[in-house]
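1. Take this sequence and fold it.
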Amino acid sequence: MTGSAMYATNVRNLKRNPSEALRHAEQEPVLILKGNEPNAMILNIKSSLGDISEQLKPALAASLFKDRVLSLGAAAQISGLSLSEFIEHLTQLDIDLVIPDQQTAKELETLDSWLS
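-> Modelled structure (predicted):
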């Protein structure tokens, strides 16, 4: 694997330009998003299964991180990418690195009061 994040596209772009997705699929699996959710994958038939399993690791790791099964560090390790490459991969998939919770709102209020 080249270390780059997997190519992802959405259904609208796939309809508009299917040949672009097929071109990318010659190099690596292409992730198809429906909304912001991973929905399907395009695999080139000539790819070896070994190559495909290596290329699927970032998608699997991103999914496990998104569902909060794995921490960022653990997911990056499984992905086979460096931490910065994995963060870039998550960004391309619109997966938030931090999930805001009730504590986040309190922290922002405290920060606002300090800054004002």
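2. Walking through this protein, point out its helices one by one.
-> Here the chain has its helices, by DSSP state H, at 11-16, 18-25, 49-66, 72-79, 83-92, 102-115.
3. Using a markdown table, please lay out those together with mean pLDDT and mean neighbour count.
-> Heads up, the C-betas are built off the backbone N, CA and C, glycines and all. Written out in a markdown table, the entries for the helices of the chain read as follows (pLDDT from 0 to 100; neighbours: other Cβ atoms under 10 Å):
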| stretch | mean pLDDT | mean neighbour count |
| --- | --- | --- |
| helix 11-16 | 92 | 12 |
| helix 18-25 | 92 | 14 |
| helix 49-66 | 83 | 17 |
| helix 72-79 | 93 | 18 |
| helix 83-92 | 92 | 16 |
| helix 102-115 | 79 | 9 |
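4. can you tell which of those is closest to Asn39?
-> helix 11-16 (7.6 Å; Cβ to Cβ).
5. Which elements pack onto the closest one?
-> Judged by 3 or more Cβ pairs under 8 Å, 6 or more residues apart in numbering; DSSP states H and E, helix 11-16 is in contact with helix 18-25, strand 30-34.
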